[in-house]
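Student: I'll drop the sequence and a predicted model, then ask my questions.
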Amino acid sequence: MQRRSDERVRALLDALLESRPSPGLARRAAAGLGLPERGRYAVAVLGTEHGGPTRHEPVRWARDADGMRWCWRTRADCDIAVVALGEGSLAGPAALLTERDAGPGGISPVVDGLAELALARRLAGFALLTCAPRTREIVRLDERLPSALLVSRPELSARLVTEVFGPLLALAPAERELLVGTLEEWLECGGSVGRTAQRLRCHRNTVFNRLRRLERLTSRSLSTPRELIEVMLALDAFRLPPPTARPAGHIGSAGYADGGPGAGDRAPRPP
């Protein structure tokens, strides 16, 4: 009897996360999972690169110190958590997962009910894909929107890098990194050449010369807003990890991965 109940919970949760069309699904899932049909939810998707194979139930429940209820679904190359936020914010789950070294992971925006969990799962998956290789960072989609947009359209991202950074890519790696690194520092310093020079420990004229050279190579002016946006997006696309180096758990629009190891030592444990 318990096994049938567990299988029903797993089927309901999978149907919500995969958005299988079914009239009344959210209402049935609310009754079967013991969760409100309408309410504030978020989804977290964690890659499993840093976790050894562990054995856990395919579905497990937990409640954190802030009273948020977590429902974990273990898959082959990722773990997915549905978080009932109540009145809490996304800062709570992000802080908890970071504290427990649970990454890499992505967190969706807040959605308004169980019927929107599939959308939240996809968005959390795109946030996960913006994580740098070999890191355990936890990122929220609302903090990575430009990068998530780029990673969700890999063909256009590759085209953008080629169109904007084409001549730059032909340089020797050290020379290219010098120019790209200067651009990144300049952007981090809000366009201040003086602060950039201080951080790079070089003369202001050196920064000016590198930026001018970058403008010549990209055929774009850093003082023209539209062209600066193109350069910034190309930089984000250039810095994204290649598909082979991205965290496991790629969540596309069609479906998501099956089975797999758990993350019990990295996520809130069931009571």
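Tutor: Ah, there it is. Numbering: from 1, shown residues only.
Student: contacts, neighbours, all on C-alpha from now
Tutor: Will do.
Student: in the stretch 101-250 of the chain, which spans are strands?
Tutor: 105-107, 111-113, 138-140 (DSSP state E, counting those that start in this stretch).
Student: looking at these, which is buried most?
Tutor: Most buried of the strands of the stretch 101-250 of the chain, by mean neighbour count (mean count of other Cα atoms under 10 Å): strand 105-107, with a mean of 31.
Student: which other helices and strands does that one contact?
Tutor: In terms of contacts (3 or more Cα pairs under 8 Å, 6 or more residues apart in numbering; DSSP states H and E), strand 105-107 is packed against strand 38-47, helix 117-129, strand 138-140.
Student: quick one on the thing from earlier: wait, which of the strands of the stretch 101-250 of the chain is closest to residue 42?
Tutor: With Cα to Cα as the measure, strand 111-113 is the member of the strands of the stretch 101-250 of the chain nearest residue 42 (6.2 Å).
Student: what sits against residue 179?
Tutor: Residues counted as contacts of residue 179 (Cα atoms under 8 Å, 6 or more residues apart in numbering) are 210-211, 214.
Student: can you pull out the helices in this structure?
Tutor: 2-18, 25-33, 91-99, 117-129, 145-151, 154-169, 173-188, 193-200, 204-218, 225-239 (DSSP state H).
Student: any chance of those helices in CSV, plus mean pLDDT and distance to residue 41?
Tutor: Below are the helices of the chain laid out as CSV (pLDDT from 0 to 100; distance: least, Cα to Cα, whole Å):
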stretch, mean pLDDT, distance to residue 41
helix 2-18, 77, 12
helix 25-33, 90, 13
helix 91-99, 92, 11
helix 117-129, 94, 8
helix 145-151, 91, 19
helix 154-169, 94, 28
helix 173-188, 96, 33
helix 193-200, 96, 41
helix 204-218, 97, 43
helix 225-239, 95, 29
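Student: can you redo the ones you listed as TSV with distance to residue 68?
Tutor: TSV is the format used below for the helices of the chain (distance: least, Cα to Cα, whole Å):
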stretch	distance to residue 68
helix 2-18	18
helix 25-33	15
helix 91-99	9
helix 117-129	16
helix 145-151	25
helix 154-169	35
helix 173-188	35
helix 193-200	42
helix 204-218	48
helix 225-239	34
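Student: which of those sits most buried?
Tutor: Mean neighbour count (mean count of other Cα under 10 Å) peaks for helix 117-129 among these, with a mean of 28.
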